[in-house]
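Enquirer: please work out how this folds:
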Amino acid sequence: MKGHKAKMARMEDILSLPMQDPPYAEFSAAHINWVKIEGGRQGGDDIALIPFSRVDDFVKGESTNEDCPASFRVESRRKRPEGSLNKPRVDGYLEYTLYWCSYGPEDYRDIEPHIGENSSIKPASGKGSRPGRRHMMRGCLCHFTVKRLYTRPLLALIIYNQRNHVDKTGAPCHGILDQEAVGTRAMYAPRISEELRQKVMSMIHVGISLDTIVQHHVEEVERHGGPHSRDDFLTRNDVRNMERLIRNSSHELHSDDTCSVKIWVQRHHKHVFYFQESSGSEPFIVGIQTDWQLQQMVRHGHNGPIASHSASGSKKLKYALCSLLAFDLSKNAIPVAWIITSSSLAQNIHKWMPSLVERIRGKDTRWKPNAVLVDDPLFEASVIREAFQCRVLSSLWHVRRSWLKGLLKYCNNFDVQREIFKHLGRILYCTRNGSSTADAVEEFMQIYIDQSAFIDYFRREWLPKIESWVNRVRTLPVAGLESYASVETYHLRLKTRVLSLLQANSYQRADLLIHALTTQFHSFYWFDQYIVETRYFENLRDRFSLTNAWYQAMQIRDIDVLLDEENLQFAKVISQADTSVAYTIWNPGSEFALCDCSWSMVGNMCKHTIKIAIFCRSRQIARPLLSAQVCRQTLLNLLQNLPDDPLVLEYAISHLTRIQQDIKSLEDLSNSGLLLQPLSSGTNSVLTDNIQPFPRIS
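Expert: As a prediction, the model looks like this:
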């Protein structure tokens, strides 16, 4: 039962109190068992121990009091370094923070300014005037102290000095219990919520005018029947202040880039899940995830795929950038975290990934993706698998896009382009039929020796890293075309909105990259989701949305697909805009399919390729999963050779159960379009020529 205990405790007994960690994302005093202190300076106050890492969750929970909504500000703060005390008191602190309700302690309710009155007069109840906050000072005495204990730094001692939101007379001074506050702002929270602040600032970032924002807000308030919260009292002045804040903000917080990033991290520590300064052999790393991104990751990432988008080695980027993406119902990729580092992304994945997963599961302990798609062959699959507790798939969108753009640049003959593109796919899967990578590459170069420009490009850009990609394909299942289209769409938007901005500046700074990602780029994605969820501003959607090829492919009718199941060398899709035009797709069903439409001919994944792939899978015009074949063969071998030893038999049975679960997982992923695997060497020769069709579950 929550509430006060009858037993009084002395301050020297606090370390014997139980540490309380309520199983909620945010919690309040109502979720904690409080103990009253006997004697001393804190005599009569309520105390409790919670994890220091959850202090912010407690403050947020206390701010959502239904009777007296409040916002607790830091009234004072003190810190002392470790080792500064020889004999610390039992309640000695490393950090001391006093939180006070924003409606107090000053009381301006009875101070009515008159003409000629000196506005600098201080109220009797407080420390003096706080500029810009006179209208909300109502003498509230509610406050509590948080001490990060010196002897146990992981614990926070909460001392609630006054739990009720009352003034010096003991009467309620704001909220629904205060009759004088009914119908005014004081009935609600003292400030607009972070959600509304994010909404308004995002609209400003994407170019929505001040008048439009205010008008839209007024219409929303009228639509739900008048004011119900502090947010409903949003004024034109509030929006103007946020607009001015954005206009005056700068990415350059310090002339030195390193110091500038450090200042940004300190100011936005709630949005940073990992930070490591560059020092000696340690590289610079910063992991960024806003509250909105965390919400999207919990919402769309649970039981769904998470994909990585790696941008490194670009002339426009001084630092390596990794974006983690979740997918909404329309398969649009939403950035849910960014990791920026001065070294290789793969080398540091073990540092930032556990911190990210801990942050997510702190929000939802049940959260678990069904797969993680990696587009860097050097990422350690074991680290990802251990952190996310799910399957790891290989994503070839970057390989496919780079090879296709290289072909378009260095080879002019379309027939040769599609043959080379298909052959490049064979190189990735060469180890499946026993060939070595070196032999496969040498054969490729001999066949297309007359295409010297492309061969030189391939030798220069891909020969040093082709082995790592072949190894990754050999050891991990391969993701499907739908995910390629979504990641590629994100890549195009990142290139347009962020990388072009960096290119426009003669200097390359990390603070500029962080600023670009967390302001305009973040706002474009927020606004796009806002349009989808609310149906407002749909007339502006074309300006902010870049629909992916999967979504466009779903608009194509099956009757517009022309496919000969006896000959899978090519297929045709009738144009939706002009039925007299049909586009040809060679190597249909493969991630190395090539279409002759204009969008594909500039190196992009087109809707016709995706439609054919979906069509093939729905008609089960595909081959069995190689991974499923291997698992089934292992299962059969164990069943045919059961051991005599009971202990070994028990282990074998548990192993069989795990293999059956693996097969089921592979089939589920295949049905969702995530998995694609090549056939073994003994498959029908007609299908074998097709590099990577969709799997058929048998």
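
Enquirer: and the residue nearest to Leu141 when sequence neighbours are not counted, what pLDDT?
Expert: Nearest residue to Leu141 in three dimensions, chain neighbours excluded: Gln162, at 4.9 Å (CB to CB, 6 or more residues apart in numbering). In short, each C-beta sits where N, CA and C put it, glycine included. If you check Gln162, the pLDDT there is 88.

Enquirer: cool, and Trp469?
Expert: On the pLDDT scale, Trp469 gets 92.

Enquirer: wait, it sits on Pro377?
Expert: Yes - Trp469 lies in contact with Pro377 (CB atoms under 8 Å); the separation is 5.0 Å.

Enquirer: show me where pLDDT drops low in the stretch 401-550 of the chain?
Expert: By pLDDT under 70, the low-scoring segments of the stretch 401-550 of the chain are 431-434, 503-507, 541-546.

Enquirer: which parts of it are helices?
Expert: 414-428, 437-447, 452-461, 466-475, 481-494, 500-504, 510-516, 522-534, 541-544, 549-553 (DSSP state H, counting those that start in this stretch).

Enquirer: and Leu157, which of the ones you listed is closest to it?
Expert: Among the helices of the stretch 401-550 of the chain, the nearest to Leu157 by CB to CB is helix 510-516 (35.2 Å).

Enquirer: so which elements touch the closest one?
Expert: The contact analysis (3 or more CB pairs under 8 Å, 6 or more residues apart in numbering; DSSP states H and E) places helix 510-516 against helix 257-267, strand 285-288, strand 333-341, helix 500-504.

Enquirer: domains of this protein: list them as residue ranges, please.
Expert: Following the TED database, the chain resolves into domains at 11-110+127-187, 194-248, 257-395+479-528, 398-475, 547-619, 626-669.

Enquirer: the bottom helix or strand of this protein by mean pLDDT?
Expert: In the chain, the helix or strand scored least confidently by mean pLDDT, DSSP states H and E is helix 685-688, which has a mean of 33.

Enquirer: so who does the residue nearest to the spatial centre of the chain touch?
Expert: Residue closest to the average C-alpha location in the chain (CA atoms, centre = their mean): Val336, at 1.6 Å. Each residue near Val336 by CB atoms under 8 Å, 6 or more residues apart in numbering is listed here: 289, 293-294, 296-297, 300-301, 306, 324-326.

Enquirer: for it, which non-adjacent residue is spatially closest?
Expert: Met297 (3.8 Å).

Enquirer: against His608, how distant is Val416?
Expert: 21 Å (CB to CB, to the nearest Å).

Enquirer: quick check: phi and psi on Leu619?
Expert: I think there's a mix-up here, since residue 619 is Arg and not Leu. The phi and psi values for Arg619, taken as degrees, to the nearest 10, are phi -90, psi 0.

Enquirer: tell me who's in contact with it.
Expert: Counting by CB under 8 Å, 6+ apart, Arg619 makes contact with Glu565.

Enquirer: show the average pLDDT along stretch 149-159.
Expert: For stretch 149-159, mean pLDDT is 89.

Enquirer: in that stretch, what's buried?
Expert: Neighbour counts using 16 or more other CB atoms under 10 Å place 149-150, 155-159 of stretch 149-159 among the buried residues.

Enquirer: start and end of it, how far apart?
Expert: 12 Å (CA to CA, to the nearest Å).

Enquirer: residues in contact with it: which ones?
Expert: Against stretch 149-159 from outside (CB under 8 Å, 6+ apart): 14-15, 19, 32, 37, 42, 45-55, 58, 80, 82, 85, 88, 90-94, 144-148.

Enquirer: cutoff 7 Å now
Expert: For stretch 149-159, the external contacting residues (CB atoms under 7 Å, 6 or more residues apart in numbering) are 14, 19, 42, 45, 47-52, 55, 58, 85, 88, 91-94, 144-148.

Enquirer: which members of these are positioned in strands?
Expert: Mapping those onto strands (DSSP state E) picks out 47-51, 93-94, 144-148.

Enquirer: Pro36 and Gly44 touch, don't they?
Expert: In this structure residue 36 is Lys, not Pro. Yes - under the criterion of CB atoms under 7 Å, Lys36 lies in contact with Gly44, with a separation of 6.4 Å.

Enquirer: which of those two has more neighbours?
Expert: Using other CB atoms under 10 Å, the more surrounded residue of Lys36 and Gly44 is Lys36, with 17 against 11.

Enquirer: can you tell me the SS state at that one?
Expert: strand (DSSP: H, G, I helix; E, B strand; the rest coil).

Enquirer: please name the bridge partners of it.
Expert: Per DSSP bridges, the residues bridged to Lys36 are Met8, Asp46.

Enquirer: what are the buried residues along stretch 202-214?
Expert: Neighbour-count burial for stretch 202-214 [16+ other CB under 10 Å]: 202-206, 208, 213-214.

Enquirer: what sits against the residue nearest to Leu141?
Expert: Gln162 sits in contact with 141-143, where contact means CB under 7 Å, 6+ apart.

Enquirer: what about the protein, any weak spots by pLDDT?
Expert: For the chain, the ranges with pLDDT under 70 are 1-12, 39-43, 110-135, 183, 189-190, 312-316, 431-434, 503-507, 541-546, 621-698.

Enquirer: what residues are up against the residue lying closest to Met605 once chain neighbours are set aside?
Expert: Distance criterion CB to CB, 6+ apart; nearest residue to Met605, sequence neighbours excluded, is Ala485 at 4.6 Å. Residues near Ala485 by CB under 7 Å, 6+ apart: 548-550, 605, 610.

Enquirer: do the same with Arg148
Expert: Taking CB under 7 Å, 6+ apart as the test, what Arg148 contacts is 52, 93-95, 156.

Enquirer: any idea what it is bridged to?
Expert: According to DSSP bridges, the partner residues bridging Arg148 are Glu95, Ala156.

Enquirer: any idea how far Leu499 is from it?
Expert: In terms of CB to CB, Arg148 sits 42 Å off from Leu499.

Enquirer: next one: Asp415
Expert: In terms of CB to CB, Asp415 sits 33 Å off from Leu499.

Enquirer: just Ala485 next, same as before
Expert: From Ala485 to Leu499 the distance is 20 Å (CB to CB).

Enquirer: the closest residue to Trp526 other than its chain neighbours is in what secondary structure piece?
Expert: In space, and not counting its chain neighbours, Trp526 is closest to Ser202: 4.4 Å by CB to CB, 6+ apart. Secondary structure from DSSP states H and E places Ser202 in helix 194-205.
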